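Peer 1: What follows is a predicted structure for the sequence shown.
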Amino acid sequence: MRRLPTAAAITAVVALMIGVIGFVMSAMTSPVSAETSTTIINEGSPDGFVAVVKVSGLLDPVMVDFIRSSIDDANSEGALALVLQTDSNGVVVDDATFEALLNAMLASPVPIDVWVGPSGSHLTGLPAQLVGAADQVGMAPGSRLGDAGQPVVSGLDSKRLAPITDKTVNAQEAADLGVTTVAAPTIGDFLVNLPGVATREVTADNGETRREPLTQVRFGQLSLVSNLMHTVASPAVAYLLITVGLALIIFELFTAGVGVAGVVGAGAFILSGYGMWVLPTHWWAFVLLGLSIFAFAIDVQTGVPRVWTGIGIVLFVVFSFTVFDGISMSWITLLVAVLGMALTFLAGMPSMVRTRFSTPTIGREWMIGEMGRAVTGINPDGVVQIREALWRASTNRSTPIEELDRVRVVSIDGLVLEVEPETGGAKDYRDRSGGSDPKGQNESPAETAVTSEDDQAAD
């Protein structure tokens with residue numbers, strides 16, 4: 001039999017010891033041990049279950065559909081209750097969709113409860129009206145609830161919503177006003193106090209007593225794709241994505257070929273498009289953004305930041321502060337984006353463009369007359385490959401070049417090569433290069449002979 005290497009054997013033994021120690025420590029620190037007592041104190045249904053779903057961020061189409069489907073699933077599967085664990089401060093669906101959600105909560109045979117938590121969570125603005133359609137309401141310490149506005153549908157608990165119509169309250173204030181029905185510092189405390197939930201009382205050996213649910217609790221959340229789309233539809237993420245996406249696309253437009261920057265930029269721009277479509281925005285702000293990008297592009301093409309870069313920065317700042325209608329972003333998000341764009345186009349972008357072409361441009365005079373191949377069709381602009389390096393290129397409109405055709409470099413204008421077909425060029429490359437040849441070193445034998453005969457005749 002083949003023996004394990006010594007190192008592998010030692011590793012296996014150590015892992016086994018760690019596992020045993022972890023199991024023993026877990027048993028020793030378990031809340032329910034041989035020295036604890038357990039008492040059933042609530043004759044609920046231990047055979048049923050309570051569904052808990054997390055509702056966070058703006059109530060966009062993805063989140064509203066998730067809540068609606070959770071309500072349907074709770075009713076079809078016979079749940080004892082559906083608990084919405086909330087942290088939301090805005091609604092970005094139309095009024096009819098939000099009203100349909102509240103009506104679905106009111107019509108649900110399965111009780112729907114709302115818990116605002118954990119600490120630091122908010123349920124403010126129109127989402128606060130969810131408590132008007134809930135059976136039980138709880139709040140974690142440090143959370144806020146309110147600014148609900150007037151009820152948008154009939155049937156909501158007006159007594160519960162009246163104290164929070166135009167103000168926000170904390171957990172203690174909500175309890176004093178009768179808005180909350182359950183003292184619930186944690187989601188566990190909220191669950192064990194729901195009607196119909198079977199619980200047990202556990203007393204540890206230190207005398208501390210707590211309640212635990214016997215009824216099964218099922219936690220639900222958005223799927224991976226739904227969570228991605230919900231995240232993209234948040235103002236800060238959509239704004240940063242469109243900023244990064246456009247910057248990367250500009251960089252790729254002014255460099256040869258299609259690289260990772262272009263792919264990532266296009267992906268970010270597409271995702272931001274969905275987010276901006278969901279969120280309330282001002283259409284004219286995107287006109288400002290387009291003008292800003294155009295101004296940036298002018299100076300990127302020259303490789304030197306000038307007045308157009310300043311104009312682009314000003315337009316981008318105005319876009320940043322006016323793009324959303326009724327939704328504000330944190331100053332940290334705005335500061336990061338504005339400073340990032342300014343640094344990118346003042347220093348980063350020109351430097352990257354120059355760096356990408358720095359190697360081929362050292363001693364580039366040798367490229368005049370060099371042969372290469374067209375990577376794309378050139379009519380009149382395209383991309384060529386010269387000695388394994390990709391270059392942007394242009395040609396005379398009268399001599400378009402097909403993809404993969406051989407080309408000859410006739411001159412260089414900045415970072416752009418002027419090329420012609422291998423045969424049939426509109427003009428000889430030596431004439432187009434603008435160079436002089438006083439010593440006749442590049443003249444053909446026939447040209448030299450003609451010149452000599454003319455000189456003799458003159459003598």
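Peer 2: That came in fine, so what should we check first?

Peer 1: Show me how the protein divides into domains.
Peer 2: The chain resolves into domains spanning 6-30, 39-224, 234-343, 357-459 when parsed by automatic domain parsing.

Peer 1: Compile those into a markdown table and extend it with columns for distance to residue 349, mean pLDDT and mean neighbour count.
Peer 2: No exception for glycine: its C-beta is placed from N, CA and C like everyone else's. Shown next, in a markdown table, are these (distance: least, C-beta to C-beta, whole Å; pLDDT from 0 to 100; neighbours: other C-beta atoms under 10 Å):
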| stretch | distance to residue 349 | mean pLDDT | mean neighbour count |
| --- | --- | --- | --- |
| domain 6-30 | 50 | 41 | 10 |
| domain 39-224 | 33 | 90 | 18 |
| domain 234-343 | 5 | 88 | 17 |
| domain 357-459 | 13 | 69 | 14 |
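
Peer 1: which stretches of the stretch 101-250 of the chain form strands?
Peer 2: Secondary structure of the stretch 101-250 of the chain by DSSP state E, counting those that start in this stretch: the strands cover 112-116, 122-124, 137-139, 144-146, 168-169, 182-183, 199-203, 209-213, 216-220.

Peer 1: As a check, name the ranges of all helices in the stretch 151-300 of the chain.
Peer 2: In the stretch 151-300 of the chain, the helices defined using DSSP state H, counting those that start in this stretch lie at 158-161, 171-176, 187-192, 224-232, 235-253, 260-278, 283-302.

Peer 1: thinking again about what came up before, relative to residue 320, which of the strands of the stretch 101-250 of the chain is closest?
Peer 2: Residue 320 lies closest, by C-beta to C-beta, to one member of these: strand 122-124, at 23.8 Å.

Peer 1: I'd like the distance from that closest one to the chain centre, please.
Peer 2: 23 Å (C-alpha atoms, centre = their mean, to the nearest Å).

Peer 1: Same check on stretch 401-414?
Peer 2: Computed by C-alpha atoms, centre = their mean, the chain-centroid distance of stretch 401-414 equals 40 Å.

Peer 1: what do you get for stretch 239-257?
Peer 2: On C-alpha atoms, centre = their mean, the centre of stretch 239-257 falls 15 Å from that of its chain.

Peer 1: Can I get it in PDB, CA atoms only?
Peer 2: Only the C-alpha atoms of stretch 239-257 are listed here, as PDB (Å, rounded to 0.1, in the frame of the first residue of the first chain):
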ATOM      1  CA  TYR A 239     -24.500  57.000 -11.400                       C
ATOM      2  CA  LEU A 240     -21.000  55.400 -10.800                       C
ATOM      3  CA  LEU A 241     -21.600  52.800 -13.500                       C
ATOM      4  CA  ILE A 242     -22.400  55.300 -16.200                       C
ATOM      5  CA  THR A 243     -19.400  57.500 -15.200                       C
ATOM      6  CA  VAL A 244     -16.900  54.600 -15.300                       C
ATOM      7  CA  GLY A 245     -18.500  53.100 -18.400                       C
ATOM      8  CA  LEU A 246     -18.200  56.300 -20.500                       C
ATOM      9  CA  ALA A 247     -14.700  57.000 -19.300                       C
ATOM     10  CA  LEU A 248     -13.500  53.500 -20.400                       C
ATOM     11  CA  ILE A 249     -15.300  53.700 -23.700                       C
ATOM     12  CA  ILE A 250     -13.600  57.100 -24.500                       C
ATOM     13  CA  PHE A 251     -10.200  55.500 -23.600                       C
ATOM     14  CA  GLU A 252     -10.900  52.600 -25.900                       C
ATOM     15  CA  LEU A 253     -12.000  54.800 -28.800                       C
ATOM     16  CA  PHE A 254      -8.700  56.600 -28.900                       C
ATOM     17  CA  THR A 255      -6.500  53.500 -28.700                       C
ATOM     18  CA  ALA A 256      -6.000  50.800 -31.300                       C
ATOM     19  CA  GLY A 257      -8.100  47.700 -31.300                       C
END
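
Peer 1: that older thread, please convert the strands of the stretch 101-250 of the chain to a markdown table, extending it with distance to residue 338.
Peer 2: Putting these into a markdown table (distance: least, C-beta to C-beta, whole Å) gives the following:
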| stretch | distance to residue 338 |
| --- | --- |
| strand 112-116 | 34 |
| strand 122-124 | 26 |
| strand 137-139 | 37 |
| strand 144-146 | 29 |
| strand 168-169 | 30 |
| strand 182-183 | 45 |
| strand 199-203 | 53 |
| strand 209-213 | 49 |
| strand 216-220 | 39 |
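
Peer 1: Thanks a lot, see you next time.
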